[in-house]
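Asks: dropping a prediction and its sequence here:
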Amino acid sequence: MSVTRKNHYVPQWHQERFFAPGKTTHCLLDLNPPTFKRQDGTVASGRCLFEAPTSRAFVEQDLYSTFFGVEVNDEIERMLFGDIDRRGADAVRAFCGDDQYAWHEHFQDLFEFLDIQKLRTPKGLAWLRQQYPEIGRLGEMLPGVAQNQLMFEMQGIRMLNVTTWTTGVREIVSAERAGVKFILSDHPVTVYNHAIPPSDARNRYPEDPSTALKGSQTLFPLGPDHLLILTNLEYAKNPGTRPDAKRTFARNYQSTMVSTIEFIRKRYLTDDQIAEVNFVIKARANRYVAGFRREDLFPEKVVSKSWADLRTTFLPPADGLYRFGGEMYAS
């Protein structure tokens, strides 16, 4: 069996959801294109906008490979991500539809996929490496051993955000009535906190605002027409609360009981609102964004609001919050 060394950190099936009808490529924008030197000695930037198939987009050599001497192992790509991606694809399709039985069946698969998708990107792995300085020091002397240790730690902290996400407000908004569509980035699980703009030190690469902060909202485009927004219940009920304070009883890895079919699905966003979503997604990307149309990749041309003022687009409707929180009795 041949070894897979080109690792797609955004699955190809998910990229394909952002193709225009009848096309086999999407528009890919490189936010930091390579530079080259001209014959006259001046420096110029390379191409930044491409029509790219999934084989060339959101991929990196040996991102998940492990090494044993001269041997390369791809079990993490094939066995771990292969299974999660298969179930994740079914879950994403389910939540773009309206079959509540399918939502229940794929609820856990969706959040397991979201959690590993946040971690498996180059930005996510850089964040993980930052949490373990010894891996960085080891990488200077024994890069293969450091990579093996990084992959071990990645598997060890899986499901980190699932309790926070599932106990909050879950909303899926639509772009089906708009001309603008949602875009996809190379770090597609995006965290937005209106009190922590991109220039804030707490957002310095590879950091993101913690999902445990009251005002942190998680955005994930399920496709060009659907966006999942996850909001802490405290913030949704009281948007005036301090957004960078830690939420009450913030916790990871603990079991919880929630209704798997409670999702707010009543909002159809306008062109301007979708551009604001894309503005946030692009601002928190590492290097690449892709989309349905080239125009959608440049939301900064139409968005004039400040980072803080964008929050009105992401707040779930107050009349849908009764679905979340409260008490649950089981027998």
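Replies: All right, it came through fine.
Asks: just the helices from the stretch 51-200 of the chain, written as ranges.
Replies: 75, 82-95, 100-119, 122-131, 133-141, 143-156, 162-166 (DSSP state H, counting those that start in this stretch).
Asks: want to try a markdown table for the ones you listed, with distance to Leu28 and mean pLDDT as columns?
Replies: (C-beta placed from N, C-alpha, C; glycine too.) Conversion of these to a markdown table gives the following (distance: least, CB to CB, whole Å; pLDDT from 0 to 100):
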| stretch | distance to Leu28 | mean pLDDT |
| --- | --- | --- |
| helix 75 | 29 | 92 |
| helix 82-95 | 20 | 97 |
| helix 100-119 | 18 | 97 |
| helix 122-131 | 15 | 95 |
| helix 133-141 | 29 | 79 |
| helix 143-156 | 26 | 91 |
| helix 162-166 | 28 | 93 |
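Asks: what about the residue nearest to Tyr9 when sequence neighbours are not counted, how many neighbours?
Replies: Once flanking residues are discounted, Tyr9 sits nearest to Thr121: 4.7 Å by CB to CB, 6 or more residues apart in numbering. Each residue near Thr121 was counted by other CB atoms under 10 Å, and the total is 23.
Asks: go on, the one 10 residues further on?
Replies: The burial count assigned to Gln131 is 9, neighbours taken as other CB under 10 Å.
Asks: just to revisit the earlier point, I figured the residue nearest to Tyr9 hits His187, correct?
Replies: Yes: counting by CB atoms under 8 Å, His187 is a contact partner of Thr121 at 4.8 Å.
Asks: what is in contact with the two at once?
Replies: Asn286 (CB atoms under 8 Å, 6 or more residues apart in numbering).
Asks: quick one: the residue lying closest to Leu321 once chain neighbours are set aside from Gly82, how far?
Replies: Of all residues not flanking Leu321 in the chain, Ala236 sits nearest, at 5.7 Å (CB to CB, 6+ apart). Separation of Ala236 from Gly82 (CB to CB, to the nearest Å): 36 Å.
Asks: the two - which one has more neighbours?
Replies: Shown here are Ala236 and Gly82; by other CB under 10 Å, Ala236 has more neighbours (23 against 14).
Asks: mind checking the SS state of the more buried one?
Replies: Assigned with DSSP: H, G, I helix; E, B strand; the rest coil, Ala236 falls in the helix class.
Asks: what does the model give the closest residue to Pro53 other than its chain neighbours for pLDDT?
Replies: Nearest non-adjacent residue to Pro53, counting by CB to CB, 6+ apart: Thr25, 5.2 Å away. Here the pLDDT value assigned to Thr25 is 96.
Asks: just Met1 next, same as before
Replies: The score at Met1 is 60. That number is its pLDDT.
Asks: picking up where we left off before, list the contacts for the residue nearest to Tyr9?
Replies: For Thr121, the contact set (CB under 8 Å, 6+ apart) comprises Tyr9, Val10, Asp186, His187, Pro188, Asn286.
Asks: could you count how many residues lie near the fifth one?
Replies: To tie it back to what came earlier, the one meant is Pro188. Neighbourhood size, Pro188 [other CB under 10 Å]: 25.
Asks: relative to Leu269, how far out is Val277?
Replies: From Val277 to Leu269 the distance is 7 Å (CB to CB).
Asks: so between those two, which is more surrounded?
Replies: For Val277 versus Leu269, neighbours defined as other CB under 10 Å are more numerous around Val277 (26 against 20).
Asks: SS state for the more buried one?
Replies: Going by three-state DSSP: Val277 is helix.
Asks: hang on, it packs against Phe220?
Replies: No: the pair Val277 / Phe220 is not scored as a contact, 10.9 Å apart, by CB under 8 Å.
Asks: ok, back up a step: shared neighbours of Val277 and Leu269, anything?
Replies: Residues touching both Val277 and Leu269 (CB under 8 Å, 6+ apart) are Leu227, Thr313.
Asks: which other helices and strands contact the lowest-mean-pLDDT helix or strand in the chain?
Replies: Least confident helix or strand of the chain, by mean pLDDT, DSSP states H and E, is strand 43-45 with a mean of 76. Judged by 3 or more CB pairs under 8 Å, 6 or more residues apart in numbering; DSSP states H and E, strand 43-45 is in contact with strand 35-37.
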